[in-house]
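Engineer: The following block contains a protein sequence and its predicted model.
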Amino acid sequence: MIRKLPFLKNQPRVAVVRLAGRIAAGTRGALSDEALAPLLEKAFRKGKPKAVALVLNSPGGSPVQSGLIAARIRRLAEEKKIPVHAFVEDVAASGGYWLASAADDIWADAGSIIGSIGVISAGFGAQDFLARQGLERRVYTAGKSKSTLDPFQKEKPEDVKRLKAILDDMHKLFIAQIQSRRGRKLDAEAELFTGEFWLAGRALELGLIDGIAHIEPKLKELYGENVRLIPYGRKKPFLARFGAGLVNEGVTALEERADYARYGL
């Protein structure tokens, strides 16, 4: 007769998924719903975990991808009836905080940066440069708004107004996500949705996180000293291991570095 080994009893498993980097679709190495779907499915379904822990380090990025990833996490959590805990490293800001809000509770290091609940659109204008070079921009459209915010033409007030309306609507979606997930934990008197960000201590006072804690001691506190942390990570594409795509990866790294720099990191 096969007996259960005593040292294997009462060893709850927690799946640990690392979500680090920019949030964007179609960019190698970035966080996207397409790239993360198989990983999240495996983390929630394999081995009957007691919980899923998200290790977050993201300055944000695409609001659409943020929403898709967060929604997938919630669907899986509710389907499998598994709690989700988020642990922030350097930063969970903008879309990164959107991802954190998908968890049932959020924990951070004392030096973590939290917040930036806002939406941004940035570009450039090069019409004066073209004029100095003796170049003329020629654009022909069917539909008066087809050339909205062309960087090689003078900015039009109606284009800016239209863009700001879209940004405001997207901001409302972001606010609704945080209010629905954090609820009464949020400081009702504070201005939380201006795009400002804070260190973890202040974020805790504002209700944006649940405490200052690190992943291993907190999970041992929640699930016992014998808890097993099962890591799930993304694999590099085969060709990338041999240096293929170095130029694209270099550009992506610069963009990501710029995103982190916005938070002093």
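Structural biologist: Structure received. Just so we're clear, the structure is a prediction, and the values are computed from it rather than from any experiment. Numbers count the residues shown, from 1 in each chain.

Engineer: The longest strand belonging to the chain - contacts with which helices or strands?
Structural biologist: Scanning the chain for the strand with the most residues, using DSSP state E, yields strand 84-93. For strand 84-93, the contact count by 3 or more CB pairs under 8 Å, 6 or more residues apart in numbering; DSSP states H and E identifies strand 51-58, helix 95-100, strand 105-108, strand 113-115, helix 215-223 as packing neighbours. To be clear about C-beta, it is placed using only N, CA and C from the backbone, and glycine gets the same treatment.

Engineer: Please tell me the pLDDT value assigned to Val160.
Structural biologist: According to the prediction, Val160 has pLDDT 80.

Engineer: er, Glu256 actually
Structural biologist: Note on Glu256: pLDDT of 68.

Engineer: coming back round to it: of the helices and strands packed on strand 84-93, which is nearest Val64?
Structural biologist: Judged by CB to CB, the one of the helices and strands packed on strand 84-93 that comes nearest to Val64 is helix 95-100, at 9.4 Å.

Engineer: distance of the residue nearest the centre of the chain from Leu19?
Structural biologist: In the chain, the centroid-proximal residue (CA atoms, centre = their mean) is Gly96; its distance is 2.8 Å. Counting by CB to CB, to the nearest Å, the gap from Gly96 to Leu19 is 8 Å.

Engineer: what do the two both touch?
Structural biologist: Counting by CB atoms under 8 Å, 6 or more residues apart in numbering, the shared contacts of Gly96 and Leu19 are Leu56, Asn57, Ser58.

Engineer: For these, pick the one with the most neighbours.
Structural biologist: For these, neighbours were counted by other CB atoms under 10 Å; the highest total belongs to Ser58, with 29 neighbours.

Engineer: For beta bridges, what are the partners of it?
Structural biologist: As for beta bridges, Ser58 partners with Ala92 under DSSP bridges.

Engineer: Now do the same contact list for it.
Structural biologist: Contact analysis of Ser58 by CB under 8 Å, 6+ apart lists Leu19, Ala20, Gly21, Arg22, Ile23, Leu31, Val91, Ala92, Ala93, Gly95, Gly96, Leu99.

Engineer: what does the model give the second one for pLDDT?
Structural biologist: In the prediction, the pLDDT value recorded for Ala20 is 95.

Engineer: Surely it and Val55 touch.
Structural biologist: Yes - applying CB atoms under 8 Å, one finds Ala20 in contact with Val55, separated by 7.5 Å.

Engineer: Next, show the common contact partners of the two.
Structural biologist: Common contacts of Ala20 and Val55 (CB under 8 Å, 6+ apart): Glu89.

Engineer: still on that earlier bit, and the helices and strands packed on strand 84-93, which is most packed in?
Structural biologist: Of the helices and strands packed on strand 84-93, the one with the most neighbours on average (mean count of other CB atoms under 10 Å) is helix 95-100, at a mean of 28.
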